[in-house]
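K.L.:
make a model of this:
(chains A, B, C and D)
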4 protein chains.
Amino acid sequence: MPFSTRIGVRFGDCDPAGLVYYPVLFHYCHAAMEEFFAARCGVSYARLMSERRLGFPTVNVRAEFFAPLVYGDEAEVEVWASRVGRTSVTFEYRLRRASDSKPCASAAHVQVATNLDERRAVPLPEDLRRAFEQSAEA
Amino acid sequence: MPFSTRIGVRFGDCDPAGLVYYPVLFHYCHAAMEEFFAARCGVSYARLMSERRLGFPTVNVRAEFFAPLVYGDEAEVEVWASRVGRTSVTFEYRLRRASDSKPCASAAHVQVATNLDERRAVPLPEDLRRAFEQSAEA
Amino acid sequence: MPFSTRIGVRFGDCDPAGLVYYPVLFHYCHAAMEEFFAARCGVSYARLMSERRLGFPTVNVRAEFFAPLVYGDEAEVEVWASRVGRTSVTFEYRLRRASDSKPCASAAHVQVATNLDERRAVPLPEDLRRAFEQSAEA
Amino acid sequence: MPFSTRIGVRFGDCDPAGLVYYPVLFHYCHAAMEEFFAARCGVSYARLMSERRLGFPTVNVRAEFFAPLVYGDEAEVEVWASRVGRTSVTFEYRLRRASDSKPCASAAHVQVATNLDERRAVPLPEDLRRAFEQSAEA
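P.N.:
Coordinates of the predicted model:
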């Protein structure tokens, strides 16, 4: 089942056109992924990095932006793993305007399990693999 | 009575030394001020800007940083108005590490009530003045 | 002919893993696009927005990250328009590490000519269309 | 003699009011300080951190904002050391609008020479002390 969280749009996230600057939307995706780890994987992304020396750098991004998020909005962000490979995972993100569930953006990120000391790909640990797979179930 | 909120430190807020990059601490202060408006002033900062064309740009900052916030921490941010003038207000901010209340930073910002169309200082509206003054009471 | 510019990686652009935080790479793309307008289109992006009320919000992003940029690196960013439609343009970005031209990232952004007051798509102005098309020529 | 550099205001640096978001002004100060190290200290801030394990975290900030920088502006940033202590240095920053030298902001940052592995203050190395002192000379 997808994980869902809410992120309030802050003044400093918005550009002179009054919209959330699109690089910040990727920051929202990453923040939602961090919360997904804490809520679903039994380990915060911070501890995953510091204690297990594991990170998930992004190697591929596809994203579509349907409608702007503006200052004063709250974003509802859904995260789940649509594909779980040997060393990589594809996280899907859906961003909606919380007030009326209007779809604002969707994104898919391919992220690779990486040993932070050696900076090389490693197999997905089993505990994370299970948590990722469960996020895709109905 | 001061307003208090919690802000989780996100991965992207931190620098290569592993600490919250200090300009981001000011972003946290601003975010806490935005929440203060919504919670205490009866009007969100977003609506204040869009409907009443009023903003509070910062003209003076003093800040001290005692201890770093690091990735994985949650910040507890207190906000109150220590001085309420005719057109300006001094907001005080205290940032603590939520896990053990360790003081991390304090800041005072002088902010000026500004008409956004004419970009000039205006007297503090009475509803805001009252909310500011109440934040400083014991 | 593609436009090329250099962007120095700053301390605050990097994350606790020591790499440029990937949302910041999109900020670099946007910065390069802004410089492209000033250098090739005869109008800065700032004046395009303020005087002609025209912007180019992003509606679709595809990106691949091959190698990290780290603190101390300088990025060489190339920009050109690979497809020029009636109301939209696809900007291609190539990011290399300047010291050895190592490819670090590529991205394609579909961006829509948008009237900022009415927030609707408008046909590409002829002066911009020509500049976009010339950027794709050998 | 103060070090001076120019920083172009980017679209994403600005807030919905059209002004550079004030936390970003501190990012500009830090960027100018990084350039100061490369130009005046014979060592980039990146190499100082990676090779000598030395950083200069900020412990105290005072800043005044006189006039806004807006999108389309270029900032001229001056940096010099107004006080060089045993383990700390006070960097002064002056930000002007480059087009007409209008003063926009001034800031003083007390920054402490810190061993990054042990996270404790260390005496200023002599080569840096000399470079800092020279920046304050007429």
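K.L.:
enumerate the residues of chain A near chain D.
P.N.:
A:11-12, A:14-16, A:18, A:21, A:23, A:71 (C-beta under 8 Å from any C-beta of the partner chain). To be clear about C-beta, it is placed using only N, CA and C from the backbone, and glycine gets the same treatment.
K.L.:
just those: which has the poorest pLDDT?
P.N.:
Ranked by pLDDT, the residues of chain A next to chain D bottom out at residue A:18, which has 85.
K.L.:
please, which helix or strand holds the residue nearest to that residue when sequence neighbours are not counted?
P.N.:
Spatial nearest neighbour of residue A:18, chain neighbours left out: residue D:16 (4.7 Å); criterion: C-beta to C-beta, 6 or more residues apart in numbering or on different chains. Assigned by DSSP states H and E, residue D:16 falls within no helix or strand.
K.L.:
and the angle from the helix ranked longest in chain A to helix C:22-40?
P.N.:
For chain A, the helix with the greatest residue count under DSSP state H is helix A:22-40. Using axes from the mean of the first three to the mean of the last three C-alpha atoms, to 10 degrees, the inter-axis angle of helix A:22-40 relative to helix C:22-40 is 170 degrees.
K.L.:
just checking, what packs against helix A:22-40?
P.N.:
Packing partners of helix A:22-40 (3 or more C-beta pairs under 8 Å, 6 or more residues apart in numbering or on different chains; DSSP states H and E): strand A:3-8, helix A:45-52, strand A:58-65, strand A:74-84, strand A:88-97, strand A:102-112, helix A:126-135, helix C:22-40.
K.L.:
want to try a markdown table for those, with mean neighbour count as columns?
P.N.:
A markdown table is the format used below for the helices and strands packed on helix A:22-40 (neighbours: other C-beta atoms under 10 Å in any protein chain shown):
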| stretch | mean neighbour count |
| --- | --- |
| strand A:3-8 | 18 |
| helix A:45-52 | 18 |
| strand A:58-65 | 19 |
| strand A:74-84 | 19 |
| strand A:88-97 | 21 |
| strand A:102-112 | 19 |
| helix A:126-135 | 17 |
| helix C:22-40 | 22 |
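K.L.:
ok, which of those comes nearest residue B:127?
P.N.:
strand A:3-8 (22.5 Å; C-beta to C-beta).
K.L.:
is that closest one positioned near chain C?
P.N.:
No - applying C-beta under 8 Å from any C-beta, one finds strand A:3-8 separated from chain C by no less than 13.6 Å.
K.L.:
please report the distance of the residue nearest to residue A:18 from residue A:71.
P.N.:
5 Å (C-beta to C-beta, to the nearest Å).
K.L.:
quick check: residues of chain A near chain C?
P.N.:
So chain A meets chain C at A:16-17, A:19, A:21-24, A:26-27, A:30, A:49, A:55, A:57-66, A:68, A:116 (C-beta under 8 Å from any C-beta).
K.L.:
and residue A:21, what does it touch?
P.N.:
By C-beta atoms under 8 Å, 6 or more residues apart in numbering or on different chains, the contact list for residue A:21 reads A:13-15, C:27, D:11-12.
K.L.:
repeat that for 6 Å
P.N.:
A:15, D:12 (C-beta atoms under 6 Å, 6 or more residues apart in numbering or on different chains).
K.L.:
check residue A:41 too.
P.N.:
By C-beta under 6 Å, 6+ apart, residue A:41 lies in contact with A:128, A:131.
K.L.:
try it again at 10 Å.
P.N.:
With contacts defined as C-beta atoms under 10 Å, 6 or more residues apart in numbering or on different chains, residue A:41 is in contact with A:3, A:48, A:125, A:127-132, A:134-135.
K.L.:
tell me which two of those residues sit farthest apart.
P.N.:
A:3 and A:125 (18.4 Å).
K.L.:
in chain A, which residue is most central in space?
P.N.:
Geometric centre of chain A, nearest residue: residue A:33, 3.3 Å, by C-alpha atoms, centre = their mean.
K.L.:
about what we covered before: tabulate the contacts of residue A:41 (JSON lines), appending distance to residue A:107 and pLDDT.
P.N.:
Converted to JSON lines, the contacts of residue A:41 look like this (distance: C-beta to C-beta, whole Å; pLDDT from 0 to 100):
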{"residue": "A:3", "distance to residue A:107": "15", "pLDDT": "97"}
{"residue": "A:48", "distance to residue A:107": "21", "pLDDT": "96"}
{"residue": "A:125", "distance to residue A:107": "24", "pLDDT": "97"}
{"residue": "A:127", "distance to residue A:107": "25", "pLDDT": "97"}
{"residue": "A:128", "distance to residue A:107": "20", "pLDDT": "98"}
{"residue": "A:129", "distance to residue A:107": "22", "pLDDT": "97"}
{"residue": "A:130", "distance to residue A:107": "24", "pLDDT": "97"}
{"residue": "A:131", "distance to residue A:107": "20", "pLDDT": "97"}
{"residue": "A:132", "distance to residue A:107": "16", "pLDDT": "98"}
{"residue": "A:134", "distance to residue A:107": "21", "pLDDT": "97"}
{"residue": "A:135", "distance to residue A:107": "15", "pLDDT": "97"}
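K.L.:
can you lay out those residues as CSV showing distance to residue D:92?
P.N.:
Output for the contacts of residue A:41, formatted as CSV (distance: C-beta to C-beta, whole Å):
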residue, distance to residue D:92
A:3, 47
A:48, 41
A:125, 50
A:127, 51
A:128, 48
A:129, 53
A:130, 55
A:131, 50
A:132, 50
A:134, 55
A:135, 51
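K.L.:
nearest to chain C, of those?
P.N.:
Distance ranking of the contacts of residue A:41 against chain C, using C-beta to the nearest C-beta, places residue A:48 first at 11.6 Å.
K.L.:
with adjacent residues omitted, what lies nearest to that closest one?
P.N.:
In space, residue A:48 is closest to residue A:54, 5.1 Å off (C-beta to C-beta, 6+ apart).
K.L.:
look up which residues are beta-bridged to the closest residue to residue A:4 other than its chain neighbours.
P.N.:
Closest residue to residue A:4 apart from its sequence neighbours, by C-beta to C-beta, 6+ apart: residue A:78 at 4.9 Å. Following DSSP bridges, residue A:78 is listed with bridge partners residue A:4, residue A:94.
K.L.:
isn't residue A:78 right up against residue A:96?
P.N.:
Yes - counting by C-beta atoms under 10 Å, residue A:78 touches residue A:96, with 7.8 Å between them.
K.L.:
what sits in contact with each of the two?
P.N.:
A:4, A:106.
K.L.:
ok, now which ones touch the residue nearest to residue A:18?
P.N.:
A:11-19, A:70-72, B:46, B:49-50, B:55, B:116.
K.L.:
do that again at 8 Å, thanks
P.N.:
Contacts of residue D:16 by C-beta under 8 Å, 6+ apart are A:11, A:14-16, A:18, A:71, B:49.
K.L.:
cool, and residue A:36?
P.N.:
A:3, A:5, A:79, A:91, A:135.
K.L.:
from chain B, how far off is the nearest residue to residue A:32 once chain neighbours are set aside?
P.N.:
Of all residues not flanking residue A:32 in the chain, residue A:77 sits nearest, at 4.0 Å (C-beta to C-beta, 6+ apart). According to C-beta to the nearest C-beta, to the nearest Å, residue A:77 and chain B sit 13 Å apart.
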